[in-house]
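J.: Below are the sequence and a predicted model; questions follow.
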Amino acid sequence: MRARILFGVIGLTAAVLTIAILRQHQRYMAIRRQIVHDQQTALYSPAAFHAVSYFRLANGDEPVSALRPFVAHVRGLPETRLIYAGQAISTAVSVQLNESDWDAVLVIQHPSRAAFEAATSSQIYADLLKPFARTYTHGMERSMAMNLALPQLLLGRVIMDTLTLQGRPGPLTPVDIRQLEHYDRIETLLKRLQHARSLNNEALVMVNLSRTGSPDQQASDAAYNQAMFRRMAHLGYGPIHIGQAVMLDDTRFDNVMLVYYPGAGYFSDLIRSEFFTSIFGDKQLADYQSVATIPLLPLLDN
């Protein structure tokens, strides 16, 4: 009798977990497809090579019309997929790249590193880049297994917090940003986020390149990441791409990550909150570039 009860409890638990995992995956994919307009397939060749390309427009140009010829060419390449397109609204500057602002970011999946190199070494490709004031591309090797596990890692954090009675993160209590260091930069970012809300207030995607720091910096950065991951897990947003950075020139980064936030309005509330300002000092890296973007792909398709 006890064995039957035990097996029944195990079976019920397994069924509940299976349903939770399937619902989590379905919700996660719905966000990616319908809100972020991200075109990454769940399954792809291990040889696939991702390129994260940044564009600075010439004066007077606007992103959609400027990018369309380049995007049309990319889509015509064999087995090549445009994964994500974003209009940049703000850039946290890398010391290596020394660029104050990008205007757009594209993530492109090529069938292989060799295919990427062949495509980008062509004269057609070079001609398509000429209208832009500046461009930069960094490579990414994206583990299929790791990225398939992302939504379940977020779910696992929620389950762990539930079992340990930690509960959900509290609300975002605002602080007086005039008392913060670099107040002028924060104020500028908030103004840009306000403008971004009129463009798209459903999704904001941070495109991050990071270079790992010293052991002390890594320990501090881990504390920041843990706090952010917990909030993301409970509130239903977070990483959509995690990959190993691949050097294409003498610029070195170690990791690439794209993180979805539920709109410019939410991100604005986040960065001026007591929660965020209390942990941001823990974010320590040898170098990083973070570009806040608004999904652009539907406009490129029109």
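T.: Yes, it's here. Numbering: from 1, shown residues only.
J.: hey, where'd the helices end up in the stretch 201-302 of the chain?
T.: Assigned by DSSP state H, counting those that start in this stretch, the helices in the stretch 201-302 of the chain fall at 215-235, 264-271, 274-279, 297-301.
J.: Residue 283 and residue 224 touch, don't they?
T.: Yes: when contacts are counted by CB atoms under 8 Å, residue 283 is listed as touching residue 224 (4.5 Å). In short, each C-beta sits where N, CA and C put it, glycine included.
J.: Show me which positions of stretch 31-49 end up buried.
T.: Using 16 or more other CB atoms under 10 Å as the test for burial, stretch 31-49 gives 31-32, 35-38, 40, 44, 48-49.
J.: so who does the residue nearest to residue 251 when sequence neighbours are not counted touch?
T.: The shortest distance from residue 251 to any non-neighbouring residue, by CB to CB, 6 or more residues apart in numbering, is to residue 96 (4.9 Å). Residues in contact with residue 96 (CB atoms under 8 Å, 6 or more residues apart in numbering) are 211, 251-252, 287.
J.: can you check residue 20 too?
T.: Contacts here follow CB under 8 Å, 6+ apart; on that basis residue 20 touches 155, 159.
J.: Surely it forms part of a helix?
T.: Yes: counting by DSSP: H, G, I helix; E, B strand; the rest coil, residue 20 is part of a helix.
J.: Can you get me a residue count around residue 250?
T.: As a burial measure, residue 250 scores 6 neighbours (other CB atoms under 10 Å).
J.: try residue 131
T.: Counted with other CB under 10 Å, residues neighbouring residue 131 total 14.
J.: what's the helix or strand for it?
T.: Assigned by DSSP states H and E, residue 131 falls within no helix or strand.
J.: one step back: tell me the most buried of the helices of the stretch 201-302 of the chain?
T.: Neighbour counts (mean count of other CB atoms under 10 Å) averaged over each of these peak at helix 264-271, with a mean of 20.
J.: Restrict that helix to CA atoms and write it as PDB.
T.: Output of helix 264-271 as PDB, limited to C-alpha atoms (Å, rounded to 0.1, in the frame of the first residue of the first chain):
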ATOM      1  CA  ALA A 264      11.500  50.300 -22.400                       C
ATOM      2  CA  GLY A 265       9.000  51.400 -19.700                       C
ATOM      3  CA  TYR A 266       9.900  48.500 -17.500                       C
ATOM      4  CA  PHE A 267      13.700  48.900 -18.100                       C
ATOM      5  CA  SER A 268      13.300  52.600 -17.200                       C
ATOM      6  CA  ASP A 269      11.700  51.600 -13.900                       C
ATOM      7  CA  LEU A 270      14.400  49.000 -13.300                       C
ATOM      8  CA  ILE A 271      17.500  51.200 -13.700                       C
END
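J.: roughly how far out does it sit from the chain middle?
T.: Here the centre of helix 264-271 is set off from its chain's centre by 15 Å, with CA atoms, centre = their mean, to the nearest Å.
J.: who touches the most centrally placed residue in the chain in this structure?
T.: The centroid of the chain falls nearest to residue 258 when counting by CA atoms, centre = their mean (1.4 Å). Contacts for residue 258 (CB under 8 Å, 6+ apart) come out as 84, 107, 205-208, 239-241.
J.: partner residues bridging it?
T.: Assessed by DSSP bridges, residue 258 has beta-bridge partners residue 207, residue 241.
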